[in-house]
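1. Need the 3D shape of this:
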Amino acid sequence: MIDFKDFAPQIKERGFFKTEFQTFGEALAAANQWIADSKINVVNVETVVLPEIWSEDGTEDPCLRSSGEMSSSWYQFIRVWFEWSLGERT
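-> Got it, this is the predicted structure:
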């Protein structure tokens, strides 16, 4: 069976004007730790970028801004695709 698990930089502190996130490297470290601790076969690891997965702006690469007449926030996270056998779901 194939499945996936996402690792997004977590919010460290939410402020009125600015929200502080973990670094992308911290999300990667969490993904690596989960892979090491799990009995899975990694199929693929990818960076996914989606708009507004958090409701606030981010810091240090988890939030990518576009500009123009209106700005929007895009956030990147790590998705691990993996296989697991029946009875071994993590």
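2. Just confirm K39 is within a strand.
-> No. Counting by DSSP: H, G, I helix; E, B strand; the rest coil, K39 is not part of a strand but coil.
3. Neighbours of it, how many?
-> Look at K39: counted by other CB atoms under 10 Å, it has 8 neighbours. In short, each C-beta sits where N, CA and C put it, glycine included.
4. I'd like to know how many residues surround I2.
-> Residues lying near I2 (other CB under 10 Å) number 10.
5. again, but for T47
-> A total of 11 residues lie near T47 under the criterion other CB under 10 Å.
6. pLDDT score for it?
-> Note on T47: pLDDT of 92.
7. close enough to count as contact, it and Q76?
-> Yes. Counting by CB atoms under 8 Å, T47 does reach Q76; the two are 5.5 Å apart.
8. which residues in this structure form strands?
-> Under the criterion DSSP state E, the chain contains strands at 2-7, 11-14, 19-21, 41-51, 63-66, 72-83.
9. Please name every helix or strand in contact with the shortest one.
-> Right, the one you point to is strand 19-21. With contacts defined as 3 or more CB pairs under 8 Å, 6 or more residues apart in numbering; DSSP states H and E, strand 19-21 has these neighbours: strand 11-14.
10. List the buried residues for the strand it packs on?
-> By 16 or more other CB atoms under 10 Å, strand 11-14 has no buried positions at all.
11. Keeping just the C-alphas, turn it into CSV.
-> Output of strand 11-14 as CSV, limited to C-alpha atoms (Å, rounded to 0.1, in the frame of the first residue of the first chain):
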residue,chain,number,x,y,z
ILE,A,11,4.4,27.8,13.9
LYS,A,12,6.7,28.7,16.8
GLU,A,13,5.0,32.0,17.7
ARG,A,14,1.9,33.6,16.3
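12. and that strand, which strands flank it?
-> Each strand that pairs with strand 11-14, with its direction, by DSSP bridges: strand 19-21 (antiparallel).
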